[in-house]
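Q: Just to be clear, the model below is a prediction. Sequence and coordinates:
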Amino acid sequence: MQYFHRQVQLWGEETQTLLQGKKIAVIGSGGLGSSLAFALGASGIGEIHMVDFDEVSLHNIHRQIAFKTGDEGKNKAVVNAAIIEQRCPFVKAMAHECDFKTWSLKNIEVDLIIDATDNLPSRAEINAYAKSKNLPWVYGSVEAFHGQVSFIEESSFSDAFKIVQKTPAGIAAPIVMHIASLQANLALRYLAGLSVKKDMLYYLFFNNEGELITQKFSLPKS
């Protein structure tokens, strides 16, 4: 409890102990995934599954905070799982060097799935799997200086979004960390038993004058 002192001040020892029994899966261990690993890896969640088939490339490093030069060629999930356990010995982190479909066939029981992928078809797969397991999941996406986040429970991602293959534009590193932080806050509140607004899409962007705007939309129920 000394390690988690400031969180214990926030919600007490009973809730902190509750977190120790929770399990989550982070699908993708790149930009959003590595920021999520830092944001949630030291929170006291009992078990974190990091999933990614991809290896670190030089062009990843500026926006994927888990990696440094010299990590090129290493599997992203493996690097993130190691960092989580190095920072917090009270969390069990497992790396899965595979894509989401392969991970889903392992039938690992978790309390929450967090999307850290970078394409709509993968999110549609997460949505279908979550619905089949009656699991909530947290969606997040980034592009340029804007991003989206949502805690999805009763709504269907596939009904709300047109599922297409799309190459994203450039990405500023801070928006990646910002959206991952919002995802992590939603996840942590849910796992700790605090209230969470579900099936609401939050869209954050800078307008032409440089003002940060936040809009929200209710997602259709499936």
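A: Right, received. Where do you want to start? Numbers count the residues shown, from 1 in each chain.

Q: so where's the protein shaky on pLDDT?
A: Residues of the chain meeting the criterion pLDDT under 70: 163-168.

Q: cutoff 80 now
A: For the chain, residues meeting the criterion pLDDT under 80 lie at 160-169, 222.

Q: Tell me which stretches of it form helices.
A: 5-20, 31-41, 76-87, 100-104, 120-133, 157-160, 173-191 (DSSP state H).

Q: Can I get these in a markdown table including mean neighbour count and distance to residue 141?
A: C-betas here are computed from N, CA, C, even on glycine. Shown next, in a markdown table, are the helices of the chain (neighbours: other CB atoms under 10 Å; distance: least, CB to CB, whole Å):
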| stretch | mean neighbour count | distance to residue 141 |
| --- | --- | --- |
| helix 5-20 | 14 | 26 |
| helix 31-41 | 26 | 8 |
| helix 76-87 | 22 | 18 |
| helix 100-104 | 17 | 15 |
| helix 120-133 | 18 | 8 |
| helix 157-160 | 17 | 11 |
| helix 173-191 | 21 | 7 |
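
Q: quick one, which of those helices is nearest to residue 55?
A: helix 76-87 (6.8 Å; CB to CB).

Q: Need the contact partners of that closest one.
A: The contact list for helix 76-87 (CB atoms under 8 Å, 6 or more residues apart in numbering) reads 26, 29-30, 33-34, 37-38, 41-42, 48, 50-52, 54-56, 60, 64, 66-67, 71, 91-97.

Q: same check, this time on stretch 88-108
A: Residues contacting stretch 88-108 (CB under 8 Å, 6+ apart): 3-4, 20, 23, 25, 27, 29, 37, 41-53, 75, 77-78, 80-82, 84-85, 117, 122, 125-126, 129.

Q: Distance check, the closest residue to residue 183 other than its chain neighbours against residue 89.
A: Closest residue to residue 183 apart from its sequence neighbours, by CB to CB, 6 or more residues apart in numbering: residue 140 at 4.5 Å. Counting by CB to CB, to the nearest Å, the gap from residue 140 to residue 89 is 28 Å.

Q: Looking at those two, which is more packed in?
A: Applying other CB atoms under 10 Å to residue 140 and residue 89 shows that residue 140 carries more neighbours, namely 29 against 9.

Q: Now do the buried residues in stretch 37-57.
A: 37-56 (16 or more other CB atoms under 10 Å).

Q: Tell me which residues touch residue 203, please.
A: Contact analysis of residue 203 by CB under 8 Å, 6+ apart lists 146, 147, 148, 214, 215, 216, 217.

Q: Okay, buried residues for stretch 111-121 please.
A: 111, 112, 113, 114, 115, 116, 117, 118, 119, 120.

Q: circling back: which of the buried residues of stretch 37-57 fall in strands?
A: If you go by DSSP state E, those have 47, 48, 49, 50, 51 in strands.

Q: what about the fourth one, distance to residue 175?
A: Going back to what we said before, that points to residue 50. The spacing between residue 50 and residue 175, counted by CB to CB, is 21 Å.

Q: residues touching the residue nearest to residue 56 when sequence neighbours are not counted, list them.
A: Setting aside the residues directly before and after it, residue 56 is nearest to residue 71 in space (CB to CB, 6+ apart), at 4.5 Å. Neighbour list for residue 71: 56, 61, 79 [criterion: CB under 8 Å, 6+ apart].
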